[in-house]
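Chemist: Structure here, sequence nowhere to be found:
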C-alpha cells in the first residue's frame, strides 16, 4: 500500500488494477475504520511489545494483558530506507526491536517488560563474536532495558 503513494505508482498501478485490488482496498478501509480502541497504559501492570520486521519495514504494538484480553496501548511502524532494505533478515529483526524499544522508551525505562519477536534475532545480537559498529550500538542501547524475550508464534 505504501508504494501506491509514490508519484510514479499511479500510472503503473492503473494498468494492473482489477477486482481483487478493489476488494483488498475495501478491506483495508474497513479495517482502518474499525480499528481496536487504544487503552490508556496502566503503569502498575507489565508491558508487552510485539515486534516484527518485513522486507520493507518494521512494525510493533505496545500492549498489556488484562486477564484473557490484550489491551493495545500504541502502534508503531517505520519504513526501511533503501540501505536498510538490504539488511539480512536477522539484522532487520534486530533493528525492529531496537526501533520499537527506543520509540517507547518513556513507557519502558526502569521497568520489566516482555518482548515478543523472532527470538533468534535477539539471541544473535547478544552472542555475536565479530560484529559491526551498528550491531554493537544496538546491543549496548538495549542492555539498559530490563526485558524478557518470548519467541513469536509465526
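Modeler: In hand now; what should we look at? Keep in mind that this is a model prediction, so the values were computed, not measured.

Chemist: drop to CA atoms for contacts and neighbour counts, all remaining ones
Modeler: OK.

Chemist: these two touch, right, residue 73 and residue 61?
Modeler: Yes. Counting by CA atoms under 8 Å, residue 73 does reach residue 61; the two are 7.5 Å apart.

Chemist: what helix or strand does the closest residue to residue 96 other than its chain neighbours sit in?
Modeler: Nearest non-adjacent residue to residue 96, counting by CA to CA, 6 or more residues apart in numbering: residue 58, 5.2 Å away. Here residue 58 sits within strand 57-66, counting by DSSP states H and E.

Chemist: what mean pLDDT would you report for that strand?
Modeler: The pLDDT scores in strand 57-66 average 95.

Chemist: Show me the domain layout of the protein.
Modeler: 2-33, 47-151 (automatic domain parsing).

Chemist: Deepest-packed of these, please.
Modeler: Counting by mean count of other CA atoms under 10 Å, domain 47-151 has the highest mean neighbour count of these, with a mean of 16.

Chemist: What helices and strands are in contact with the strand holding residue 58?
Modeler: Packing partners of strand 57-66 (3 or more CA pairs under 8 Å, 6 or more residues apart in numbering; DSSP states H and E): strand 47-53, strand 69-79, helix 89-103.
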